[in-house]
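Engineer: Quick one, fold the following:
(one chain, ligands or ions: 1)
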Amino acid sequence: MAELSELSEKLSAIKSQIESDLAGITSSKGIFEYRKSVMDSKEGKIGSLMKEMGKIPKEQKAEYGKMVNEIRNWATEKFDALDAEFKAAEQKARYEAEAIDVTLPSKKLKKGYLHPNTQVRNQIVDIFGSMGFSVYEGNEIETDHYNFTALNIPQDHPSRDMQDTFYLSPEFLLRTQTSAGQVHVMESQQPPIKIISPGKVFRSDDDATHSPMFSQMEGLVVDEGITLCDLQGMLDVFVKKIFGEETRTRLRPSYFPFTEPSVEVDVSCFQCGGKGCKLCKGTGWIEVLGAGVVNKKVLEGCGIDSDKYSGLAFGIGIDRIAMLKYGINNIKLLFESDLRVLEQIDD
Ligand code: DAH
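Structural biologist: Model (predicted):
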């Protein structure tokens, strides 16, 4: 039994050594390293005890194994307990160090706004889109033919005057109206046709309500049996959605070379309800767009049988609608990108 009593003493010494070593360890990392060194199967104080098994007489081997297991369990429990204690303290310290003051007011993020013109354009596209119209994108540079001649605007018509039109060459110009797109559509497509065409147009014109560049939305429907009634019905829906359910429309006779008959469309003043105010200049009505039944000459010129088909067309000034809708009295405000103006319009 000499070996076992020797071992017993050795184990007591190991225990007290471990106890005193542990007193100097202050972190979970320290415990981890220390545990590794103690339990190392070659050199560890406890880990290497099993190596001795060979020297132990046979009948004592079981007792020896039990004692080694005991000290191993004792040490493991100690290490686990200390490890848990250190980890808890370390986590607490980390949370305290990372603490944030959630009562601080947050930074205000400024949100962006779509330009009023874009907002109105999108609204118009949505309204006509819901009635089955598709969008056609025309060209900003056009020929004299598409912008004028094919729309029954003869050579000597005043709107061809150099004062109004930006000519790039005798043949090419910056389109003065999105109506030019009508001709491209009718040339390339047979009825039924139902398109809207938004885009920039250009005219040599400049005052509080006119700008050399502005935006229009063209509308064109060509099919069998299309009449002015279809136009009025469609525009009624449109103005109610844009200006409010109370809004009524009125058609006044007018003249455009490419429509016959032609009308000017007024809406009841959405500010005073029709009683008369500054916005409607006391008349109770506001002019919003030009329209009409497509002139047979235009249909024929595009290769469409005018005995079989008829069409309606309209041209809406997008800037004008935006100005009316949002109470903007100078068109220049739409081009200055002044955030004080833009931030007010989020429709
Ligand atoms: N193009 C015209 C303009 O710029 C607006 C217009 C009027 C378009 C009547 C049309 C229409 O399609 O039928 O003043």
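
Engineer: Burial check on G65, number of neighbours?
Structural biologist: G65: 14 surrounding residues under other CB atoms under 10 Å. C-betas here are computed from N, CA, C, even on glycine.

Engineer: typo on my end, it should be C277
Structural biologist: Count around C277 with other CB under 10 Å applied: 14.

Engineer: can you check the one 4 residues further on too?
Structural biologist: Close neighbours of K281, defined as other CB under 10 Å, add up to 11.

Engineer: same question, H157
Structural biologist: 13.

Engineer: what does L168 give?
Structural biologist: Count around L168 with other CB under 10 Å applied: 11.

Engineer: In contact with it, which residues?
Structural biologist: Contacts for L168 (CB atoms under 8 Å, 6 or more residues apart in numbering) come out as I141, L174.

Engineer: Point me to the residue of the stretch 101-250 of the chain nearest the ligand.
Structural biologist: Q177 (3.6 Å; CB to the nearest ligand atom).

Engineer: mind checking the SS state of the residue nearest to that residue when sequence neighbours are not counted?
Structural biologist: Closest residue in space to Q177, ignoring its immediate chain neighbours: V201 at 5.6 Å, by CB to CB, 6 or more residues apart in numbering. Three-state assignment for V201 (DSSP: H, G, I helix; E, B strand; the rest coil): strand.

Engineer: Who does V201 form a beta bridge with?
Structural biologist: F214 (DSSP bridges).

Engineer: tell me which residues of the helix or strand of the chain with the lowest mean pLDDT are tucked away?
Structural biologist: Here the helix or strand of the chain ranked lowest by mean pLDDT, DSSP states H and E is helix 2-23, holding a mean of 87. Neighbour-count burial for helix 2-23 flags L7, L11, I14, K15, I18, L22 (criterion: 16 or more other CB atoms under 10 Å).

Engineer: So which of the residues you listed is the closest to the ligand?
Structural biologist: The nearest member of these to the ligand, counting by CB to the nearest ligand atom, is L22 at 92.4 Å.

Engineer: That closest one and L82, how far apart?
Structural biologist: 6 Å (CB to CB, to the nearest Å).

Engineer: same question, K200
Structural biologist: Taken as CB to CB, the span from K200 to L82 is 77 Å.

Engineer: who's more crowded, these two?
Structural biologist: L82 (19 against 15).

Engineer: And the more buried one, what's its pLDDT?
Structural biologist: L82 is assigned 95 on the pLDDT scale.

Engineer: Would you agree it is in contact with T26?
Structural biologist: No: if you go by CB atoms under 8 Å, L82 and T26 don't touch, sitting 9.9 Å apart.

Engineer: Quick one: residues contacting the closest residue to M186 other than its chain neighbours.
Structural biologist: Residue nearest to M186 in three dimensions, not counting chain neighbours: C302, with 3.6 Å by CB to CB, 6+ apart. Residues in contact with C302 (CB under 8 Å, 6+ apart) are A150, V183, M186, E187.
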